[in-house]
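Asks: Take a look and give me a structure for this.
(2 chains)
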Amino acid sequence: QQQVKQSPQSLIVQKGGISIINCAYENTAFDYFPWYQQFPGKGPALLIAIRPDVSEKKEGRFTISFNKSAKQFSLHIMDSQPGDSATYFCAASGDRGSTLGRLYFGRGTQLTVWP
Amino acid sequence: ETGVTQSPTHLIKTRGQQVTLRCSSQSGHNTVSWYQQALGQGPQFIFQYYREEENGRGNFPPRFSGLQFPNYSSELNVNALELDDSALYLCASSLRDRRGYTFGSGTRLTVV
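Replies: This is a model prediction of the structure:
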């Protein structure tokens, strides 16, 4: 059972546009929601993360929006650049039980930004 | 500050063989986790080690085992390799009770 569901599977955006990737979860034990960026041949690299006590977090061109009641969160990439072309993963972890100390990943979104 | 380093980068094994993958944690990190990433999928948690003991395990059979050493480096061992074990194996280090996981570049294992 996929504990974190991610969409879309692939996304094509023009340079300068906004990329939006969505994730949903069910387990209320999750209390940490990071986004990772992965380039071919590399491991995932942490982009930005949020905790459920805030509804939005912004770092540069990257913003996480979080809706606790809907159990959804999303990544917005403003002014998308060709260098942003990569696979993006949302993830979640918690502080108790089976969620402790582990990340549950979505299936990933392949982002392509056209120049 | 060094990151997480994994070796080897690529490996080809025959079904039924055994394999050992190695990971050096980021400096200062005392917890190591291993993940399996199949092609086109998100990483799946295998297990985590803290103070040289397994501290949480995902849905993987016992033929997946590990070790953590006093210097916090770690090994992942897989016995009786199956074709479905072909994947990118990722090591991630962190501080205990912190969520800042740093991933290595992984070992690409191909089982033929």
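Asks: Near chain A, which residues of chain B are found?
Replies: B:4, B:31, B:33, B:35, B:40-45, B:48, B:50, B:55-56, B:58, B:90, B:92, B:99-106 (CB under 8 Å from any CB of the partner chain). For every residue, glycine as well, the C-beta is placed using N, CA and C.
Asks: what residues does chain A put near chain B?
Replies: So chain A meets chain B at A:4, A:6, A:32, A:34, A:36, A:41-46, A:49, A:89, A:91, A:93, A:98, A:100-108 (CB under 8 Å from any CB).
Asks: from those residues, which ones fall inside strands?
Replies: With strands defined by DSSP state E, the entries of those inside them are A:4, A:6, A:32, A:34, A:36, A:45-46, A:49, A:89, A:91, A:93, A:104-105.
Asks: Can you select the buried ones among the residues of chain B next to chain A for me in ChimeraX?
Replies: A single ChimeraX command selects the buried members of the residues of chain B next to chain A (16 or more other CB atoms under 10 Å in any protein chain shown):
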select /B:4,31,33,35,42,43,44,45,48,50,55,56,58,90,92,99,101,102,103,104,105,106
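Asks: what's the most centrally placed residue in chain B in contact with, if anything?
Replies: Central residue of chain B (CA atoms, centre = their mean): residue B:34, 3.3 Å from the mean position. By CB atoms under 8 Å, 6 or more residues apart in numbering or on different chains, the residues touching residue B:34 are B:23, B:45, B:46, B:47, B:48, B:66, B:74, B:76, B:89, B:90, B:91, B:92.
Asks: of all these, which comes closest to residue A:84?
Replies: residue B:90 (21.6 Å; CB to CB).
Asks: For residue B:35, see how far away the residue lying closest to residue A:83 once chain neighbours are set aside is.
Replies: Leaving aside its chain neighbours, residue A:83 sits nearest to residue A:113 (7.8 Å; criterion: CB to CB, 6 or more residues apart in numbering or on different chains). From residue A:113 over to residue B:35 the distance is 27 Å, taken as CB to CB, to the nearest Å.
Asks: Please apply the same query to residue B:48.
Replies: According to CB to CB, residue B:48 stands 10 Å off from residue B:35.
Asks: And for residue B:63?
Replies: For residue B:63, the distance to residue B:35 - CB to CB - is 17 Å.
Asks: and if you look at residue A:91?
Replies: Using CB to CB, one gets 10 Å for the distance from residue A:91 to residue B:35.
Asks: Mind listing the shared neighbours of these two?
Replies: Shared contacts of residue A:91 and residue B:35, counting by CB under 8 Å, 6+ apart, come down to residue A:103.
Asks: hang on, the earlier thing: just the buried ones out of the ones in strands among the residues of chain A next to chain B, please.
Replies: Here, 16+ other CB under 10 Å leaves A:4, A:6, A:32, A:34, A:36, A:49, A:89, A:91, A:93, A:104, A:105 buried among these.
Asks: Now do the contacts for the fourth one.
Replies: Pointing back at residue A:34 there. Residue A:34 neighbours (CB under 8 Å, 6+ apart): A:46, A:47, A:48, A:49, A:50, A:90, A:91, A:93, A:103, B:99, B:101.
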